[in-house]
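Undergrad: Got a predicted structure here, sequence first:
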Amino acid sequence: MTSPDPTPTRTAVSLARGVTATGWYIASSMVFFLIGGLLVWGVIVLVARGGWRDPVTLVGFLGLSTVVVVTTIVLLARYRRDGDLDDTDRPSGGRRFLSLPVVAGVLASVGVGLVSASALLGAALVGTVLCLVRWAPGIRWRGVVLLEVALAVLWVVELSRASGGSDAFLPAFFALSLPAMQALSLWSWDVVLELDRARRTEARLAAVQERLRLAGELHDLQGHHLQVIALQLELAERMIGRDPDAAAHRIALARASVDEAREGTRSLAGRFRGVPLPDELANAADLLRAAGLEVTLDVAADAASAPADLLGPVVRECTTNVLKHGGGRWARLGLERAGQYWRLTAANDPGPGSTIGAGAGLEGIAHRVGVVGGDAVTRREDDRFELIVTVPADGGPA
C-alpha cells in the first residue's frame, strides 16, 4: 500500500529513495567510467600492440583489471557505510589504508601499469584506489591536485618515449581525468548525504519544537490554575474558623478552578492527539532514521481516517521502545485497513542484549487498545521483534 499523496509520509519516503537512487547513480557512474578507461587501454595493449597474442599479457591485463574493478566496488560500499558513522566509530587511518581492499587495489593497479608498460596508467589507477579511502577534510583534494600534476609530467615523459600507447590522446585523457572524476563524484555524494542528514535533523527538530511548544502551553495553563487554587484554599483555611460559609465558597471556587484546569488540559491533549496519523508515522520514521536505522514505512492510502487519538500514542510508545531498547539496524512501521479494523505493525531487529518487550510500555499499549475492543500481539524471534495492534475503525468498542 502507499500513503496518501501529498503527505509528509510520501515526501519522507520519496526523499529517502531519492538519496539512495542518487548514491547508486554516482557509484555506478564511477565504476563504469573506470571500466571504460580500462577497456580503452585494453584495446591499445591487447590489439594495437598485439598483446592478445601473448597469453601472459592478455591474462595479466584482464585479471589485474578485474581486481581493480572489484576492489573499487568494495571500497565504494565501505565508503558509503562509513559515511553514516561518527568520527569516533570510524576505523583509524592505519586500518583504512592497510585494509585488504586498499592493498589489493594498489598492487593490482601497479600490476596493470607494468603489464601495459605505462607508468601513467599505473599511477592513475593507484590514485583512483586511494581516492576511495575516507580522508580527513581537504586532504583528498590536495592529493588529487598533486597527483594530476604528476600524471601530466608522466604523460609528457611517455610522449617523448612514445611507449605504452600513451601517445594516443583518448587513453591519456582517461588516465588523467580518472582520479579527479572519482574525487569529484565522492564530493558530490558527501554533499547529498549531508543534505539528507540536514533534512532528517530538520524533521526531528520540528517535532521537538512542537512538543516544547505544547509543554510550554501546558506549563502556563497548569501554573495559572494551580496558583488560583492555592490562593483560594489559603483564603478558605484562614476564613473557616470565623466565616464557614465564605470558606465553603472559596473551596467551591477552587473546585471550579480544578474543573477548568482539567478541561483545559483535555483540550490541549486533544490538540496534541489531533495530529493526523500519517504525519505521526512520518515523524516516527524520521526519528528512527536520525538514530541510524533503515526504516520501511508502509501506510494505507486512507490512513488519515484512522483513530489518531488511539493509535498516535501507540506509535510514539513503539518509537520510544525501539530507540531506547532496540539496538538493531532496521525498523518497519505499517498501517493497513483490515475490514472494520485498523492494523498497526511495528517491527525491528533486536540488537545484542536488547530488552525490548520486557518493560511496562507494552502492557500500557495492550490496556489502551483493550478498552476499545482491540488487541495487541507481540512476536519475538532471534532476529525480529514485532508488535501488531488491531483496533476498531471507529475507535470505539467493537
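TA: Received it, and whenever you're ready, just let me know what you need.
Undergrad: count of neighbours near residue 28?
TA: Here the number of neighbours of residue 28 (other CB atoms under 10 Å) works out to 12. To be clear about C-beta, it is placed using only N, CA and C from the backbone, and glycine gets the same treatment.
Undergrad: Can you tell me how far it is from residue 76?
TA: 9 Å (CB to CB, to the nearest Å).
Undergrad: Spell out the residue ranges of the helices in the chain.
TA: 8-43, 55-82, 93-97, 100-115, 119-131, 139-161, 169-239, 244-273, 277-290, 308-321, 361-371 (DSSP state H).
Undergrad: Show me what counts as buried in the fourth one.
TA: Yep, that's helix 100-115 we're talking about. For helix 100-115, the neighbour count (16 or more other CB atoms under 10 Å) marks 101-102, 104-113, 115 as buried.
Undergrad: and which of those is nearest to residue 364?
TA: Nearest to residue 364 out of the buried residues of helix 100-115 is residue 101 (CB to CB; 48.5 Å).
Undergrad: Can you tell me how far residue 102 is from residue 124?
TA: Remark: distance between residue 102 and residue 124 (CB to CB) = 16 Å.
Undergrad: picking that back up, quick one: which of the helices of the chain is nearest residue 393?
TA: Set against residue 393 and scored by CB to CB, those come closest in helix 308-321, at 10.7 Å.
Undergrad: Just want the angle from the closest one to helix 277-290.
TA: 10 degrees (axes from the mean of the first three to the mean of the last three CA atoms, to 10 degrees).
Undergrad: Output the lowest mean pLDDT helix or strand found in the chain.
TA: The helix or strand of the chain with the poorest confidence is helix 93-97; it has a mean of 61 (mean pLDDT, DSSP states H and E).
Undergrad: how about the nearest residue to residue 135 once chain neighbours are set aside, what does it touch?
TA: In this structure, residue 135 finds its nearest non-sequential neighbour in residue 143, 7.4 Å apart by CB to CB, 6 or more residues apart in numbering. The neighbours of residue 143, taking CB atoms under 8 Å, 6 or more residues apart in numbering as the test, are 127, 130-131, 135.
Undergrad: Can I get stretch 228-241 as CSV, trimmed to CA atoms?
TA: The C-alpha coordinates for stretch 228-241 follow below in CSV (Å, rounded to 0.1, in the frame of the first residue of the first chain):
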residue,chain,number,x,y,z
VAL,A,228,-5.5,30.3,41.7
ILE,A,229,-6.4,27.1,43.5
ALA,A,230,-3.6,27.6,46.1
LEU,A,231,-4.8,31.1,46.8
GLN,A,232,-8.5,30.1,47.2
LEU,A,233,-7.6,27.2,49.5
GLU,A,234,-5.3,29.5,51.6
LEU,A,235,-8.2,32.0,52.0
ALA,A,236,-10.6,29.2,52.9
GLU,A,237,-8.2,28.0,55.5
ARG,A,238,-8.0,31.4,57.1
MET,A,239,-11.8,32.0,57.0
ILE,A,240,-13.0,28.6,58.0
GLY,A,241,-13.0,29.4,61.7
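Undergrad: Pull out the buried positions in that stretch.
TA: For stretch 228-241, by 16+ other CB under 10 Å, it's 228-229, 232-233, 235-236, 239.
Undergrad: same thing with stretch 138-156?
TA: Quick answer for stretch 138-156 (16+ other CB under 10 Å): 140, 143-144, 147-148, 151, 154-155.
Undergrad: I'd like to know which of those residues is nearest to residue 384.
TA: Of all the buried residues of stretch 138-156, residue 140 has the smallest distance to residue 384: 39.9 Å, by CB to CB.
Undergrad: From residue 387, how far out is the closest one?
TA: With CB to CB as the criterion, residue 140 and residue 387 are 45 Å apart.
Undergrad: try residue 342
TA: Distance from residue 342 to residue 387, counting by CB to CB: 14 Å.
Undergrad: And for residue 39?
TA: Taking CB to CB, one finds residue 39 at 53 Å from residue 387.
Undergrad: neighbour-wise, which of the two wins?
TA: residue 387 (25 against 12).
Undergrad: what bridges to the nearest residue to the more buried one once chain neighbours are set aside?
TA: Distances taken as CB to CB, 6+ apart put residue 346 closest to residue 387, at 4.7 Å, once the chain neighbours are dropped. In this entry, residue 346 is beta-bridged to residue 333, residue 387, by DSSP bridges.
Undergrad: can you tell me which residues contact residue 346?
TA: By CB under 8 Å, 6+ apart, the contact list for residue 346 reads 315, 318, 322, 331-334, 386-387, 389.
Undergrad: ok, 7 Å please
TA: By CB atoms under 7 Å, 6 or more residues apart in numbering, residue 346 lies in contact with 318, 333, 387.
Undergrad: So the second one sits against residue 284, correct?
TA: Read it as residue 333. Yes: using CB atoms under 7 Å, residue 333 is in contact with residue 284, at 6.2 Å.
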